[in-house]
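Novice: pasting the sequence and the predicted coordinates here, then a few questions.
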Amino acid sequence: MNDQPIRVLMVDDNAELINVVREAMDLLGVKVDGALSAQGAIAQLARDDGYDVVFSDVFMPNGMSGVQLLQMLAVSNPDMRTVLTSGFPKEQLPPLPEGVTFVAKPYNFTLLLEAFRREAGTPTH
C-alpha cells in the first residue's frame with residue numbers, strides 16, 4: 001500500500017478557506033497546497049507536477065473559471081484528476097465537464113476526503 005499522502009492543489013480566491021481546508025485535510029492525511037487563481041494554479045503545476053488532484057472553485061477571478069482551468073488541464077495534463085466546488089447550487093452553475101466530481105460548499109470534510117481518495121485512486125476506507 002502507498003503510504004504517501006494524497007497531494008491536492010486547491011484553487012480558490014479565498015486564502016482563509018484554503019487554510020481551513022489545508023488544516024482539516026492535514027489531520028486526515030491529505031497534503032493541500034493553495035493557488036488563489038487559475039493562472040496561479042497553472043504556474044504551480046508547471047513548477048510541481050506531483051499533485052494527485054486539482055480542486056478548484058467554479059467561479060474564479062481574473063478571467064479564467066475553474067471549468068476553463070479543468071478544460072485546459074484536460075489538454076495539457078489529461079491524467080490529472082480534478083474536483084470542482086461552488087457555494088452556488090449546481091443548477092446555477094455553467095455546464096460542468098462530463099464525469100467531473102463536484103463537492104458543494106460548505107464542505108463536509110468526510111465527503112471531501114472521499115472525493116480526493118476516489119480521484120487519487122486510493123482506498124476510501
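Specialist: On my side now, so go ahead. Residues are numbered from 1 along each chain as shown.
Novice: how about the contacts made by the most centrally placed residue in the chain?
Specialist: For the chain, the residue whose C-alpha lies nearest the mean C-alpha position (CA atoms, centre = their mean) is residue 55; its distance is 0.5 Å. Residue 55 is in contact with 8, 9, 10, 11, 32, 82, 83, 84, 85, 116, counting by CB atoms under 8 Å, 6 or more residues apart in numbering. From N, CA and C alone the C-beta is placed, and that goes for glycine too.
Novice: again, only using 6 Å
Specialist: For residue 55, the residues meeting the contact criterion (CB atoms under 6 Å, 6 or more residues apart in numbering) are 8, 10, 83.
Novice: dump those residues to CSV, plus secondary structure and pLDDT.
Specialist: Putting those into CSV (DSSP: H, G, I helix; E, B strand; the rest coil; pLDDT from 0 to 100) gives the following:
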residue, secondary structure, pLDDT
8, strand, 98
10, strand, 98
83, strand, 97
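Novice: what residues does stretch 92-104 touch?
Specialist: Outside of stretch 92-104, the residues that reach it under the criterion CB under 6 Å, 6+ apart are 58, 67, 70, 83, 84, 85, 86, 112, 115, 119.
Novice: again with stretch 118-125
Specialist: If you take CB under 6 Å, 6+ apart as the criterion, stretch 118-125 is touched by 6, 52, 53, 81, 83, 101, 114, 117.
Novice: among those residues, the buried ones, what's the PyMOL command?
Specialist: Isolation of the buried members of the contacts of stretch 118-125 (16 or more other CB atoms under 10 Å) is achieved in PyMOL through the command below:
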select buried, resi 6+52+53+81+83+101+117
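Novice: just the ones of the contacts of stretch 118-125 in strands?
Specialist: 6, 53, 81, 83, 101 (DSSP state E).
Novice: ranges for the strands of the protein?
Specialist: Under DSSP E, the chain gives strands at 6-11, 30-35, 53-57, 81-86, 101-104.
Novice: single out the most deeply packed of those.
Specialist: When neighbours are counted by mean count of other CB atoms under 10 Å, the highest per-stretch mean among the strands of the chain falls to strand 53-57, a mean of 26.
Novice: if we can go back for a sec, now tabulate the ones in strands among the contacts of stretch 118-125 in CSV and tack on distance to residue 15.
Specialist: As requested, the ones in strands among the contacts of stretch 118-125 are arranged in CSV below (distance: CB to CB, whole Å):
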residue, distance to residue 15
6, 21
53, 19
81, 24
83, 19
101, 23
